[in-house]
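S.K.: no sequence on this one, just coordinates:
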Ligand SMILES: Nc1ncnc2c1ncn2[C@@H]1O[C@H](COP(=O)(O)OP(=O)(O)O)[C@@H](O)[C@H]1O
Ligand SMILES: [Mg+2]
């Protein structure tokens, strides 16, 4: 499934990294601990988090993640947006809290 | 081939630059994907430790035919008890650092797990030297 399909089906905001919307997703990862994501997330996963600073993009890029979803209406920092555009890794947003967006993403991905 | 970088303590905006550069070079050299992933994880954690816990430091990565040797050396407070620091979950990170999602106490365990050799030497009040070796498959 492509990231663009997630955006459409889950009604996500696209903050940045539009050029990466045709990235293929390979599952998801939910965590707000950066070392946990660094150590355990896998290439192509979509990362759900409440962290909004630019280190999120450094990690997304180092780990070749497909996209980042910010929960609960959180807004990315400006340099997070810049980094996302540079790397073509979309930063997406939702009004839903972590539990709910993770549940929906899981269901959609495993359909 | 040798790559070197400087790291400034407290400067989280540039954390990840050395790992990103090293990753690029290893990919160009066609090092196998799994090995590159391991190195990137270990180097990123070592970098972040300098940013989060030390004053300033350097990264030097020596790439040979069959392995990469990375030295991350800092001027900083040092680690009084390395064995304790290696334990998963142990962290002295400030609240501010923890709020950013760093400081889970998983950095050193991640480095151990993702390297073939890890050597840490530290002098309290002076600094810390980390040596990591990964062999290419
Ligand atoms: N370069 C360093 N200089 C000083 N202390 C360090 C350094 N690296 C690690 N430490 C100490 O070891 C602890 C554990 O490190 P780590 O496993 O990376 O967890 P974290 O960085 O999340 O606290 C740190 O909280 C810190 O007390
Ligand atoms: Mg650490």
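M.R.: Structure received. Computed from a predicted structure; not experimentally measured. Ligands and ions are numbered 1, 2, ... in the order given.
S.K.: so what pLDDT did residue B:125 get?
M.R.: Looking at residue B:125, its pLDDT reads 98.
S.K.: look at the closest residue to it other than its chain neighbours and give its secondary structure.
M.R.: Computed as C-beta to C-beta, 6 or more residues apart in numbering or on different chains, the closest residue to residue B:125 that is not its neighbour in sequence is residue B:78, at 6.0 Å. In this view, the C-beta of every residue, glycine as well, is placed from N, C-alpha and C. Under DSSP: H, G, I helix; E, B strand; the rest coil, the three-state class of residue B:78 is coil.
S.K.: residue B:78 touches residue B:121, doesn't it?
M.R.: No: contact criterion C-beta atoms under 8 Å: residue B:78 and residue B:121 do not qualify, at 9.5 Å.
S.K.: how about the residues of chain B by ligand 2?
M.R.: Residues of chain B lying close to ligand 2 (C-beta under 5 Å from the ion) are B:49, B:107.
S.K.: what residue in chain B comes nearest to ligand 2?
M.R.: Distances between chain B and ligand 2 by C-beta to the ion are smallest at residue B:107, namely 2.4 Å.
S.K.: before we move on, back to that, shared neighbours, residue B:78 and residue B:121?
M.R.: Common neighbours of residue B:78 and residue B:121, using C-beta atoms under 8 Å, 6 or more residues apart in numbering or on different chains, are residue B:128.
S.K.: could you check which of those two is surrounded by more residues?
M.R.: Ranked by neighbour count (other C-beta atoms under 10 Å in any protein chain shown), residue B:78 and residue B:121 place residue B:78 first, with 18 against 13.
S.K.: residues in contact with residue B:53?
M.R.: B:9, B:76-77, B:92-93.
S.K.: err, residue A:52, not the other one
M.R.: Residue A:52 is in contact with A:70, A:74-77, A:80, counting by C-beta under 8 Å, 6+ apart.
S.K.: confirm it sits in a helix?
M.R.: No: the assignment for residue A:52, made by three-state DSSP, is coil rather than a helix.
S.K.: can you report phi and psi for it?
M.R.: Per-residue torsions, residue A:52: phi -120, psi 0 (degrees, to the nearest 10).
S.K.: and residue B:124, by the same measure?
M.R.: Backbone geometry at residue B:124, expressed as degrees, to the nearest 10, gives phi -60, psi 130.
S.K.: so for the residue of chain B closest to ligand 2, what's the nearest residue that isn't a sequence neighbour?
M.R.: Nearest non-adjacent residue to residue B:107 (C-beta to C-beta, 6+ apart): residue B:45, at 4.0 Å.
S.K.: go on, residue B:8?
M.R.: Distance criterion C-beta to C-beta, 6+ apart; nearest residue to residue B:8, sequence neighbours excluded, is residue B:56 at 5.6 Å.
S.K.: how near is the one you found to residue A:53?
M.R.: From residue B:56 over to residue A:53 the distance is 21 Å, taken as C-beta to C-beta, to the nearest Å.
S.K.: likewise residue B:111?
M.R.: According to C-beta to C-beta, residue B:111 stands 23 Å off from residue A:53.
S.K.: repeat for residue B:90
M.R.: 24 Å.
S.K.: which helices and strands does the helix or strand where residue B:62 lies pack with?
M.R.: According to DSSP states H and E, residue B:62 maps onto strand B:56-63. Applying 3 or more C-beta pairs under 8 Å, 6 or more residues apart in numbering or on different chains; DSSP states H and E, one finds that strand B:56-63 makes contact with strand B:2-8, helix B:17-28, helix B:33-53, strand B:67-75.
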